[in-house]
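S.K.: Can you look at this prediction? I've put the sequence above it.
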Amino acid sequence: MGELPPGQYWGRRFVIYTINGIPEVRDEDYEFVLFGLVEKSLKLGLKELTAIENFELRSDFHCVTRWSIKDCVWSGVRFSTLADLAGVKDEAEFAFAYSLDGYTTVIPMENMKKALLAFKLNGQELSKKQGAPVRLVVPELYGWKCAKWLNAIELIDEYRDGYWEERGYHERGDYMREERFSDPMARYIRKKSAGLTDKI
């Protein structure tokens, strides 16, 4: 679909990573929450969430460990649709994602504009390995930002490390810029606050 980012190679299949194994959740027990800097918090069961929209997003998937999967078709609800329902406050700068296995990650709000809460991949229901029942897809960033088994997103005004960011991964993770790991001399957040993000 798109060009292969620097340092990547085309893979034939997804490699599945977890931090605490694959969590068990029944569809009828699942609940997604959007909270934080919003006018009205959302709390939606899986049936309510899937009834909102069935939007298709076609994009390549790029893992920070250098493999990429070409032309994935994700189906689900656009984050922007949920954001409109909740009423995002102007001071929201980051989305902090929570997963059922304890995983967390942080995404700048500008990268959430094209994000999707996915239920399907290539026309099939997400497998448990791929993050069912709901997976976050952020097409502009490396795959560690695409939290599997997503159950909540908190909108915040100040940067906060997630699981891999805390362990040295880049704050943003733009694959076209090869933002794999943090460079203390060129941290995205510092440059953002200094108004220099157009130069990195």
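M.R.: Here it is on my side, so go on. Residues are numbered from 1 along each chain as shown.

S.K.: Mind telling me what element Leu85 is part of?
M.R.: Leu85 belongs to helix 79-86 when elements are defined using DSSP states H and E.

S.K.: who does that helix touch, helix- and strand-wise?
M.R.: strand 31-36, strand 42-45, helix 46-52, strand 116-121 (3 or more CB pairs under 8 Å, 6 or more residues apart in numbering; DSSP states H and E). (Each C-beta comes from the backbone N, C-alpha and C, glycine too.)

S.K.: Show residues contacting the last one.
M.R.: With contacts defined as CB atoms under 8 Å, 6 or more residues apart in numbering, strand 116-121 is touched by 32, 49-50, 55, 57, 72-79, 82, 125-126, 130-137, 139, 150.

S.K.: Now restrict the residues you listed to buried residues only.
M.R.: Neighbour-count burial (16 or more other CB atoms under 10 Å) is assigned, among the contacts of strand 116-121, to 32, 49-50, 57, 72, 74-79, 82, 126, 130-137, 139, 150.

S.K.: Could I get the buried residue list for the helix or strand harbouring Val106?
M.R.: Here Val106, judged by DSSP H and E, is contained in strand 104-108. Residues Thr104, Thr105, Val106, Ile107, Pro108 are the ones in strand 104-108 that count as buried (16+ other CB under 10 Å).

S.K.: which stretches of this structure have low pLDDT?
M.R.: By pLDDT under 70, the low-scoring segments of the chain are 1, 182-200.
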